[in-house]
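1. My questions are about this predicted structure, shown below with the sequence.
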Amino acid sequence: MQKKFLQRAPEVQEALNEGRPVVALESTIIAHGMPFPKNVETALRVEHIVRSAGAVPATCAIIGGQLKCGLNSDEIELLGRGAAAIPKASRRDLAYLLSRGEHGATTVASTMIIAHLAGVRVFATGGIGGVHRGGATTMDISADLPELAQTPVAVVSAGVKSILDLPLTLEYLETHGVPVIGYQTDEFPAFYTRSSGLGVDYRLDSAADIARLMHAQWDAGLRAGIIIANPVAAEYESDPALIEHAIAAALAAAEEKGIRGKAITPFLLAYIEQTTGGKSLDTNIELVCNNAWLAAEIAVAYQLL
């Protein structure tokens with residue numbers, strides 16, 4: 001059944017057959033995370049970074065009702081140009097899109113699913129989803145979190161998007177046994193900024209140490225994923241006060257417009273970009289590239305052990 005819907009790009013298939021490192025990449029950032037043509041430019045830049053660091057990039061998406069692990073440049077362009085018409089696809093959306101033969105841009109959760117089915121252990125994204133602000137009463141929790149609890153993929157991210165409730169998100173991950181590893185940091189990053197005032201579970205300072213932890217986790221039969229929290233480089237960090245002001249304004253606007261569910265994150269990110277005069281987008285692009293480089297280093301180290 002999985003083979004019926006799963007397609008690995010030839011380059012990805014060859015790398016997996018030969019035991020070479022592969023890094024999965026999401027496609028929601030292409031269709032819903034950035035405006036065109038920045039989205040396509042960034043996607044291609046990220047793939048170049050992964051290759052430069054010695055791994056094979058595998059951007060994931062649903063194309064024509066197929067789970068694609070690895071896209072060509074035309075498919076990336078299709079997602080970037082057709083953003084408004086490309087649905088955001090998490091775990092619950094997969095069966096519908098597959099049955100209809102449609103396209104879909106994969107979130108963290110659905111990219112993890114495709115990566116796992118394809119045999120890819122490392123995935124680079126910008127920031128994972130989490131518990132939304134007010135989630136203690138609304139139960140608005142990203143599907144990324146339960147996916148991390150059940151799918152054995154290591155996810156390199158700049159923490160959790162700061163539009164979310166970071167303490168509750170970390171509580172959820174702790175309850176469900178998902179280790180949160182700080183790469184060269186004792187503090188959990190807040191996506192646009194390097195610090196959140198919250199700690200990580202463990203600090204590891206090298207890709208090799210992270211790769212050893214990955215082997216230990218899964219060789220011991222522990223099925224959960226792993227979060228590798230990688231702060232944005234200091235020179236690209238956004239001003240915390242500016243970001244908090246923008247987030248507050250974005251949340252108020254979303255409430256006024258009644259925006260909820262899967263539409264809220266793209267709305268908030270776009271609103272924050274506008275409010276910060278594009279500075280948040282610049283940070284977003286640089287942190288994704290930073291995560292791609294680290295993910296490739298980890299993938300290389302993982303294959304060497």
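-> Sure thing, it's come through.
2. Tell me the secondary structure at Phe36.
-> coil (DSSP: H, G, I helix; E, B strand; the rest coil).
3. Now do the phi/psi pair for it.
-> Per-residue torsions, Phe36: phi -80, psi 140 (degrees, to the nearest 10).
4. again, but for Val160
-> Phi and psi for Val160, reported as degrees, to the nearest 10, are phi -110, psi 140.
5. Enumerate every residue touching it.
-> Residues in contact with Val160 (CB atoms under 8 Å, 6 or more residues apart in numbering) are 127-130, 166, 169, 188, 190-191. In this view, the C-beta of every residue, glycine as well, is placed from N, C-alpha and C.
6. again, only using 6 Å
-> Val160 makes contacts with 127-128, 130, 166, 169, as judged by CB atoms under 6 Å, 6 or more residues apart in numbering.
7. Which of these fall in helices?
-> Among these, DSSP state H puts 166, 169 in helices.
8. got a winner among the contacts of Val160 for most neighbours?
-> Using other CB atoms under 10 Å as the neighbour criterion, Gly127 leads those with 29 neighbours.
9. so who does that one touch?
-> Gly127 makes contact with 157-161, 191, according to CB under 6 Å, 6+ apart.
10. ok, and the most crowded of those?
-> Using other CB under 10 Å as the neighbour criterion, Gly159 leads these with 34 neighbours.
11. Quick check: of the contacts of Val160, which lies closest to Ala89?
-> Minimum distance to Ala89 across the contacts of Val160 is 16.0 Å, recorded for Ile128 (CB to CB).
12. Would you agree that closest one is in contact with Asp144?
-> Yes. If you go by CB atoms under 6 Å, Ile128 and Asp144 touch, sitting 4.9 Å apart.
13. CA atoms only: put stretch 13-31 into PDB for me.
-> Provided in PDB are the C-alpha atoms of stretch 13-31 (Å, rounded to 0.1, in the frame of the first residue of the first chain):
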ATOM      1  CA  GLN A  13      16.500   6.500  -4.400                       C
ATOM      2  CA  GLU A  14      20.100   6.200  -5.500                       C
ATOM      3  CA  ALA A  15      21.500   7.800  -2.400                       C
ATOM      4  CA  LEU A  16      19.400   5.600  -0.100                       C
ATOM      5  CA  ASN A  17      20.400   2.500  -2.000                       C
ATOM      6  CA  GLU A  18      24.100   3.400  -1.600                       C
ATOM      7  CA  GLY A  19      23.800   4.400   2.100                       C
ATOM      8  CA  ARG A  20      24.500   8.000   1.400                       C
ATOM      9  CA  PRO A  21      23.000  10.800   3.600                       C
ATOM     10  CA  VAL A  22      19.700  12.300   2.700                       C
ATOM     11  CA  VAL A  23      17.900  15.300   4.300                       C
ATOM     12  CA  ALA A  24      14.100  15.700   4.000                       C
ATOM     13  CA  LEU A  25      12.700  19.200   3.500                       C
ATOM     14  CA  GLU A  26       9.100  20.500   3.800                       C
ATOM     15  CA  SER A  27       7.000  22.200   1.100                       C
ATOM     16  CA  THR A  28       4.500  24.300   3.200                       C
ATOM     17  CA  ILE A  29       7.300  26.900   3.500                       C
ATOM     18  CA  ILE A  30       7.200  27.100  -0.400                       C
ATOM     19  CA  ALA A  31       3.400  27.300  -0.800                       C
END
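14. Perfect, that will be all.
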